[in-house]
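>>> Have a look at this fold, sequence not included:
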Ligand SMILES: CC(C)(COP(=O)(O)OP(=O)(O)OC[C@H]1O[C@@H](n2cnc3c(N)ncnc32)[C@H](O)[C@@H]1OP(=O)(O)O)[C@@H](O)C(=O)NCCC(=O)NCCS
């Protein structure tokens, strides 16, 4: 079950719950209908069960947005596969954003 926690006018967290336990969460910022993915995390023992996909789909279905933006490490294959599957497109690169690693900036337009 997914619960939305409102932190401020712009920031919210979507928590994927199993009873009282949080299995994963997605933190977003929505400013003027442009959403930034601030954080996405699923507990290691609960990965590959579709939890991140469900959290992302909840935001895509429930939030008002014109576009969704995120930054992902070029070597984070799990996350890249997920974002590609959900229709995000690479729009630019930021070199050495994560130490030696490049950040890929991705966007999904409504
Ligand atoms: C990236 C991350 C959020 C993915 O979370 P996840 O819950 O494992 O993701 P999902 O389960 O939704 O999708 C992962 C895979 O599981 C598969 N899957 C989905 N439901 C499934 C099920 N019921 N049974 C088996 N596999 C399933 C998906 O098809 C997907 O496989 P694919 O990538 O080959 O298509 C997680 O690895 C994580 O927290 N990483 C560390 C933090 C991080 O890197 N965050 C992103 C920063 S940009």
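Thanks, I have the structure now. Because the structure is a prediction, the values reported are computed rather than measured.

>>> quick check, residue 81 in a strand?
No. Residue state for residue 81 (DSSP: H, G, I helix; E, B strand; the rest coil) corresponds to helix; a strand is not indicated.

>>> So which bits of the lengthiest helix in the chain are buried?
Taking DSSP state H as the criterion, the chain has its longest helix at helix 51-62. Using 16 or more other Cβ atoms under 10 Å as the test for burial, helix 51-62 gives 51, 52, 54, 55, 56, 58, 59. For the C-beta atoms, the positions are set from N, CA and C on the backbone; glycine is no exception.

>>> could you check the distance from the fourth one over to residue 95?
Distance of residue 55 to residue 95, given as Cβ to Cβ, to the nearest Å: 29 Å.

>>> Was I right to think residue 108 contacts residue 87?
Yes. Assessed by Cβ atoms under 8 Å, residue 108 is found in contact with residue 87 at 5.4 Å.

>>> the more surrounded of these two?
residue 108 (18 against 12; other Cβ atoms under 10 Å).

>>> just how off-centre is the longest helix of the chain within its chain?
8 Å (Cα atoms, centre = their mean, to the nearest Å).

>>> wait, does that helix make contact with the ligand?
Yes. Using Cβ under 6 Å from any ligand atom, a contact is recorded between helix 51-62 and the ligand, made by 51, 52, 53.

>>> now swap in stretch 87-105 and tell me
No. Using Cβ under 6 Å from any ligand atom, stretch 87-105 stays clear of the ligand, coming no nearer than 9.1 Å.

>>> Thanks a lot, see you next time.
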